[in-house]
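# Fold the following, please.
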Amino acid sequence: MVESLSFWLTATGLCAHASDSSQKGATDLARLIQQHDPYLELPATWWFLHLTLAQREGSVWSWFFNDFTDRIFDRQACVDAFLQHTKAKAQRPASEATASKDVACLLSAYAVRPGVDIVDPDDVGACPLRELGLIVRHDAVNRFERTRSPTAVPQEVFLAAASLISAETGKDALSLRELAGLRKGPGRVLCAGLDSISSMVARAAKDRKTYGVHTETLAGELQLRVPRRPLVEWMTDLYARIEASAP
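As a prediction, the model looks like this:
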């Protein structure tokens, strides 16, 4: 149990990796959550933890949300694709048993059956990541489906994802297609199609004074400019907005 807790704390960015001598113990992200949402009750907190997981290179989460493109798939096809990916990219490719375990862990954490899987806080076997609704499980046909229209994505999560990809690519302005299609961009990480990205950008434009973002049209394409800020700063804005709106 201790090893499992240590693994998940490191994977979600709440605890520094044991090999990182520059930072030990709880991270800034963990301290921020401890201050504003110590019991991890807010869905918004889980959106940011998902964003952290999906940005973790060399993991099954990074591969699934950034490299695996199948929208509808079965478990074995997912395992086979992950296994081939590790053989092509990793210095130490995963075995079939390890790939199966990793994919099973991901699907168990995220996949939800419509109208059935309502996460009960008292159910220790249910993962809150299911509440994000990013992967749907269809038992009748033994298939899984990745959503293209995620619901209730906090504005700050979308902007944080856009900010991260802006910093990684060095691009100050990102088109809708880049936001939707770039690896580690909001489209892939949040399972959002072009229409959903367009809606998120339109929403961001309305709040441009609050977040310092703005849109412009270049060469006939709508572009979004987002300040390059650390993830914890976007998360601080999120908690401030939630607390300001509380009765």
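# residue at max distance from the center of the protein?
Seen from the C-alpha centroid of the chain, the residue lying at the greatest distance (Cα atoms, centre = their mean) is A219, 30.5 Å away.
# tell me the centre residue of the chain?
Taking Cα atoms, centre = their mean, the centroid of the chain lies closest to L51, which sits 2.9 Å from it.
# domains in this protein, as residue ranges please.
Annotated domains of the chain cover 1-36, 42-146, 155-245 [automatic domain parsing].
# Between its first and last residues, what's the separation in stretch 57-75?
Using Cα to Cα, to the nearest Å, one end of stretch 57-75 lies 22 Å from the other.
# And R183, how close does it get to A240?
R183 sits 31 Å away from A240, taking Cβ to Cβ, to the nearest Å as the criterion. Using the backbone N, CA and C atoms, a C-beta is placed for each residue, glycine as well.
# any idea how far the residue farthest from the centre of the chain lies from F68?
According to Cβ to Cβ, A219 and F68 sit 31 Å apart.
# Break down the chain into its strands, ranges please.
For the chain, the strands defined by DSSP state E occupy 72-73, 111-112, 135-138, 143-146, 173-175, 214-218, 221-225.
# What strands flank the first one, and is each parallel or antiparallel?
Paired with strand 72-73 in the same sheet, following DSSP bridges, are strand 143-146 (antiparallel).
# Give me the contacts around stretch 81-99.
With Cβ atoms under 8 Å, 6 or more residues apart in numbering as the test, stretch 81-99 has contacts from G58, V60, W63, F64, D67, F68, D70, F73, V79, D102, V103.
# so what's the fifth one up against?
If I follow you right, that is D67. Counted by Cβ under 8 Å, 6+ apart, D67 has contacts H85, R183.
# Likewise for the last one?
When contacts are counted by Cβ under 8 Å, 6+ apart, V103 is found next to V60, F64, R75, C78, V79, F82.
# and of those residues, the nearest to A160?
F64 (19.4 Å; Cβ to Cβ).
# show me what contacts the nearest residue to the closest one once chain neighbours are set aside?
Nearest non-adjacent residue to F64, counting by Cβ to Cβ, 6 or more residues apart in numbering: L106, 5.8 Å away. L106 makes contact with V60, W61, F64 under the criterion Cβ under 8 Å, 6+ apart.
# give me that answer again for 10 Å
If you count contacts by Cβ atoms under 10 Å, 6 or more residues apart in numbering, L106 has them with L53, S59, V60, W61, W63, F64, F65, C78, F82, L129, I135.
# Can I have the buried ones of those as a ChimeraX selection?
Here is the ChimeraX command that selects the buried residues among the contacts of L106 (16 or more other Cβ atoms under 10 Å):
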select :53,60,61,63,64,65,78,82,129,135
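# farthest pair in the contacts of L106?
Greatest spatial distance in these: F82 and L129, 18.1 Å, computed using Cβ to Cβ.
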